[in-house]
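Trainee: need the 3D shape of this:
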Amino acid sequence: MSTLPKATLGRTGLEVTRLGYGAMELRGLEHFRRLSPKEASALLNGVLDHGINYIDTSPDYGYSEEQIGQHISHRRGEFYLASKCGCPIEPPDVPFAARKPHEFTRANIRAVVEQSLVRMRTDYLDVVQFHLSPSRAVLEENDSIAELEALKQEGKIRFIGMSGTIPELEEHIEMGVFDVFQIPYSVLEREHEQLIHEAARRGAGIVIRGGVARGIMIKDESIIDDYPEFLRASFRARRKLWQETKIDDLLGGMSPMEFMLRFTISNPDMSTTIVGTANPAHLNDNVAAAAKGPLPPDLYDEARKRFSVTSAEGRR
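Mentor: This is a model prediction of the structure:
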């Protein structure tokens, strides 16, 4: 029986584990190692065996959708499945830098969703999110929302989401049409905190990504060069913020990863945080940490003081 805490994903009413699984690590391209079928099956079934019931992926994540379809589609009733739209229709082995631009036309949105259904061997997606935070103007120009509404009427999707960031996120919230928001947030990246609160106040479910900052604060700095260039500056800034902020007295035996994950879970406005790994041992550690629940209130408050929103914003 799972010991993971759960929360309601906003007005969707879905009861999700506060630890979800982000399937980008199954990409199998660039610095993401291609897992063998045996490894991928063990990992994904392990996710479900631990009781995690929210899995997030994207057509942009290489072989991720195919792996999900191949290895756990027979357990579809055990988990909620979220993917993205606006992504280019391309084979999974196209490197990130070589992929076509995202396109938010109705035709492309439908094509991508239907491709995801085939790849993941399912009749429906629980959540489909616009990828890469397209502006309100782009969505309205392409009548993008209407296509997801049509797919919803056809039973191919259940809820409409937005993977959003500053500066577009505020207008996304104002639109009032998104059931779920996926937003970056961690103790090292708190600049979206007030908008997370506002979206939750209006009834949206909040999915956090980057809740453990991909472990960059404890990995060798050279690994940052393996990530796309547009991510490197912010990764180095967050790593530096971690190193310069003294918190040894707060850890109390916790690993840095446990501290960061439990800090994220402590945010009262979040529903789930998606954490990706291709390492079964890391998955076990994440589950053990999440099962402990939020940080004690006094520890959480002190961590918020030391990693202020201002310090996080200043190092973007």
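
Trainee: what helix or strand is Lys195 on?
Mentor: One correction, residue 195 is Leu, not Lys. helix 193-201 (DSSP states H and E).

Trainee: next helix or strand past that helix?
Mentor: Next along from helix 193-201, by DSSP H and E: strand 205-209.

Trainee: name the helices or strands packed onto that following strand?
Mentor: strand 54-56, strand 180-184, helix 193-201, strand 272-275 (3 or more C-beta pairs under 8 Å, 6 or more residues apart in numbering; DSSP states H and E). Every C-beta, even on glycine, is put in place using the N, C-alpha and C of the backbone.

Trainee: who does the residue nearest in space to the middle of the chain bridge with?
Mentor: For the chain, the residue nearest the mean C-alpha position is Arg209 (3.6 Å; C-alpha atoms, centre = their mean). Judged by DSSP bridges, the bridge partners of Arg209 are Pro184, Ile274.

Trainee: what's near enough to touch it?
Mentor: 22, 56, 163, 182-185, 273-274 (C-beta atoms under 8 Å, 6 or more residues apart in numbering).

Trainee: circling back: how far does the helix holding Leu195 sit from its chain's centre?
Mentor: Centre-to-centre, helix 193-201 and its host chain are 17 Å apart (C-alpha atoms, centre = their mean, to the nearest Å).

Trainee: show me what it is packed up against.
Mentor: helix 169-175, strand 180-184, strand 205-209.

Trainee: let's see it at 6 Å
Mentor: Applying 3 or more C-beta pairs under 6 Å, 6 or more residues apart in numbering; DSSP states H and E, one finds that helix 193-201 makes contact with helix 169-175.

Trainee: in terms of secondary structure, what does the helix it packs on contact?
Mentor: helix 193-201.

Trainee: just the C-alphas of the helix it packs on, formatted as PDB.
Mentor: The C-alpha coordinates for helix 193-201 follow below in PDB (Å, rounded to 0.1, in the frame of the first residue of the first chain):
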ATOM      1  CA  GLU A 193       5.400  31.600  -6.100                       C
ATOM      2  CA  GLN A 194       2.800  34.400  -6.100                       C
ATOM      3  CA  LEU A 195       1.400  33.400  -9.500                       C
ATOM      4  CA  ILE A 196       1.200  29.700  -8.300                       C
ATOM      5  CA  HIS A 197      -0.900  31.000  -5.300                       C
ATOM      6  CA  GLU A 198      -3.200  33.000  -7.600                       C
ATOM      7  CA  ALA A 199      -3.800  30.100 -10.000                       C
ATOM      8  CA  ALA A 200      -4.600  27.800  -7.100                       C
ATOM      9  CA  ARG A 201      -6.900  30.400  -5.500                       C
END
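
Trainee: quick check: which ranges of the chain have low pLDDT?
Mentor: Low-confidence segments of the chain (pLDDT under 70): 1, 310-316.

Trainee: show me where it has helices.
Mentor: Remark: helices assigned in the chain by DSSP state H are 37-49, 64-72, 106-119, 136-142, 144-153, 169-175, 193-201, 229-244, 248-251, 256-266, 280-291, 297-306, 309-313.

Trainee: so which of the ones you listed gets nearest Ala98?
Mentor: Closest approach to Ala98 among the helices of the chain (C-beta to C-beta): helix 229-244, 14.0 Å.

Trainee: send me the closest one as PDB with only the CA atoms.
Mentor: In PDB, the C-alpha atoms belonging to helix 229-244 read as follows (Å, rounded to 0.1, in the frame of the first residue of the first chain):
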ATOM      1  CA  GLU A 229      22.400  26.200 -24.100                       C
ATOM      2  CA  PHE A 230      19.300  28.200 -23.200                       C
ATOM      3  CA  LEU A 231      19.200  26.400 -19.800                       C
ATOM      4  CA  ARG A 232      22.800  26.600 -18.800                       C
ATOM      5  CA  ALA A 233      22.900  30.200 -17.300                       C
ATOM      6  CA  SER A 234      19.900  29.600 -15.100                       C
ATOM      7  CA  PHE A 235      21.300  26.200 -13.900                       C
ATOM      8  CA  ARG A 236      24.600  27.800 -13.000                       C
ATOM      9  CA  ALA A 237      22.900  30.600 -11.200                       C
ATOM     10  CA  ARG A 238      20.800  28.200  -9.100                       C
ATOM     11  CA  ARG A 239      23.800  26.000  -8.300                       C
ATOM     12  CA  LYS A 240      25.600  29.100  -7.100                       C
ATOM     13  CA  LEU A 241      22.700  30.200  -5.000                       C
ATOM     14  CA  TRP A 242      22.700  26.800  -3.300                       C
ATOM     15  CA  GLN A 243      26.400  26.900  -2.600                       C
ATOM     16  CA  GLU A 244      26.300  30.400  -1.200                       C
END
